[in-house]
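S.K.: Here's my sequence, what's the structure:
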Amino acid sequence: MRAVVVRSFGGPEVLEIEEVPVPETGVGQVRVRVEAAGVNPVDVATRAGVLVEIGLADRRDVHGIGWDLAGVVEEVGAGVTGFAPGDRVVGLVDRLDLPLGAYAEQVVLDADALALIPDGVTAVQAATLPLNSLTADQALDLLELSEGQSVLVTGAAGAVGGHAVELAVLRGLRVVAVAGQEDEDLVRRLGAEFFVPRGAELGAAVRKLVPGGVD
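M.R.: Residues are numbered from 1 along each chain as shown. Sure, this is the predicted structure:
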């Protein structure tokens with residue numbers, strides 16, 4: 001099968017497409033035929049060698065690339081329940097020690113790194129979700145806010161920010177969204193109760209909407 005790998009760090013020209021063995025499925029794992037993969041800032045950082053420079057990844061002869069993927073289950077390993085060949089799934093390759101990333105024709109992941117794709121959602125749409133939405137969800141977990149409290153989301157029309165707005169609203173939080181003036185309609189459709197245009201005097205603008213400031 002084919003996969004995109006990096007053997008030397010640099011710009012897009014260092015990306016190589018190579019023939020590699022189909023990965024084997026172990027206990028608790030699922031092999032997925034990839035139909036779509038996302039491009040994230042971390043992929044650019046991997047390609048440029050930033051993760052090695054800052055000590056998050058070890059230098060190897062070959063680095064895989066790509067975190068987000070969507071596709072169809074090809075094979076399930078022993079002990080896997082909840083998935084079967086033919087299921088449409090979305091997943092996240094978030095381990096930096098793996099030889100291949102999501103940019104491959106087939107990828108093996110632990111079953112808990114996958115979820116079923118709902119009907120009506122394309123592979124391309126699903127592949128945009130894992131890293132950005134998980135980042136937003138984990139950030140909200142760390143805030144430990146209760147229903148009815150308020151949260152300020154900067155970059156609210158962006159990939160992580162947009163998910164943060166929607167997920168915060170689902171938790172019953174009141175959202176103050178900061179974005180470009182042209183994105184006000186978008187962030188309000190995502191559920192933001194308040195809007196502050198980027199470039200405003202942020203503290204004063206937020207306190208005018210939420211006296212005392214956000215939680």
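S.K.: Could you check how far G28 is from G71?
M.R.: 19 Å (CB to CB, to the nearest Å). Where C-beta positions appear, they are placed from N, C-alpha and C, glycine not excepted.
S.K.: So which of those two has more stuff around it?
M.R.: Neighbour count, other CB atoms under 10 Å: between G28 and G71, G71 has more, with 26 against 15.
S.K.: In terms of helix, strand or coil, where does the more buried one fall?
M.R.: For G71, the assignment made with DSSP: H, G, I helix; E, B strand; the rest coil gives strand.
S.K.: And for the one 3 residues further on?
M.R.: For E74, the assignment made with three-state DSSP gives strand.
S.K.: My guess is it contacts R33. True?
M.R.: Yes: between E74 and R33 there is a contact under CB atoms under 8 Å: 5.0 Å.
S.K.: got the buried residues for the helix or strand that contains R188?
M.R.: Here R188 sits within helix 184-189, counting by DSSP states H and E. Residues 184, 186-188 are the ones in helix 184-189 that count as buried (16 or more other CB atoms under 10 Å).
S.K.: I'd like the mean pLDDT over it, please.
M.R.: The average of the pLDDT scores along helix 184-189 is 97.
S.K.: For that helix, what is the distance to the chain centroid?
M.R.: Computed by CA atoms, centre = their mean, to the nearest Å, the chain-centroid distance of helix 184-189 equals 21 Å.
S.K.: elements contacting it?
M.R.: helix 159-170, strand 174-179, strand 194-197 (3 or more CB pairs under 8 Å, 6 or more residues apart in numbering; DSSP states H and E).
S.K.: which outside residues touch it?
M.R.: For helix 184-189, contacts defined as CB atoms under 8 Å, 6 or more residues apart in numbering pick out 156-157, 162, 165, 177, 179, 195, 197.
S.K.: so which strand or helix has the most centrally placed residue in the chain?
M.R.: Nearest residue to the geometric centre of the chain (CA atoms, centre = their mean): L131, 1.3 Å. L131 is part of helix 130-143, with elements assigned from DSSP H and E.
S.K.: Enumerate the positions of that helix that are buried.
M.R.: Going by neighbour count (16+ other CB under 10 Å), the buried part of helix 130-143 is 130-134, 136, 139-140.
S.K.: just stretch 161-175 next, same as before
M.R.: Buried, per 16+ other CB under 10 Å, within stretch 161-175: 161-169, 171, 173-175.
S.K.: related to what we said a few turns ago, among the contacts of helix 184-189, which pair sits farthest apart?
M.R.: G162 and P197 (16.5 Å; CB to CB).
S.K.: which of the buried residues of helix 184-189 lies closest to T122?
M.R.: Taking those together and measuring to T122 by CB to CB, the closest member is L186, at 20.4 Å.
S.K.: Okay, that closest one and P23: tell me how far apart.
M.R.: Taking CB to CB as the measure, L186 falls 39 Å from P23.
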